[in-house]
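Q: can't give you the sequence, but here's the structure:
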């Protein structure tokens with residue numbers, strides 16, 4: 001049974017939806033995309049929950065996931081979700097190379113680091129930098145809000161907040177990093 005107050009409130013919520021400028025993908029979907037992309041790029045960690053997939057299959061699934069993340073934003077995109085996803089994945093080899101430079105910079109400058117694999121697998125600074133570089137590439141493709149969602153996901157995981165619009169050069173190193181903000 002619905003009361004008058006409940007009906008009024010539900011009507012208010014329904015009317016409010018028309019005023020939102022953006023429709024957004026869900027936070028869990030954005031987080032899953034980042035986690036799966038990181039495992040594709042750096043398979044030093046494994047997910048015990050899912051079956052192993054070949055690299056090409058994973059790559060195509062991630063492309064589909066990114067297109068899906070873009071769909072709620074379609075009215076605010078400069079191109080189609082498919083085209084933007086394609087442009088992003090064309091940049092992925094360069095992003096990967098830059099991330100390897102970052103991992104080696106951390107491994108070379110932190111005397112406690114055993115090597116780049118350890119940095120990639122466990123260092124929160126590397127994780128935050130990696131998500132930033134991915135989000136920055138999306139921001140440069142004029143994708144609204146999703147890049148910020150991704151860096152906020154990393155912020156929640158690491159305590160390191162890097163705005164996707166920040167300009168960061170190669171071989172970047174954050175040691176420890178809890179409470180670091182780069183705007």
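A: Sure thing, it's come through. What you see is a predicted model, and the numbers here were worked out from it, not measured in a lab.
Q: give me the buried positions along the top helix by length along the chain.
A: The longest helix of the chain (DSSP state H) is helix 81-109. By neighbour count on 16 or more other CB atoms under 10 Å, the buried set for helix 81-109 is 81, 84-85, 88-89, 92, 95, 98-99, 102-107. All C-beta atoms are positioned from the backbone trio N, CA, C, and that covers glycine.
Q: what helix or strand is the one residue sitting closest to the centre of the chain on?
A: Nearest to the geometric centre of the chain sits residue 150, at 3.6 Å (CA atoms, centre = their mean). In the assignment (DSSP states H and E), residue 150 maps to helix 146-158.
Q: report all helices and strands that that helix contacts.
A: helix 27-41, helix 124-140, strand 161-162 (3 or more CB pairs under 8 Å, 6 or more residues apart in numbering; DSSP states H and E).
Q: note down every partner strand of the last one and its orientation.
A: Paired strands of strand 161-162, with direction, are strand 181-182 (parallel) (DSSP bridges).
Q: contact partners of the strand it pairs with?
A: Residues from elsewhere that reach strand 181-182 (CB atoms under 8 Å, 6 or more residues apart in numbering): 132, 160-163, 166, 168.
Q: would CSV of those with pLDDT be doable?
A: Formatted as CSV, the contacts of strand 181-182 follow (pLDDT from 0 to 100):
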residue, pLDDT
132, 97
160, 92
161, 94
162, 93
163, 95
166, 94
168, 92
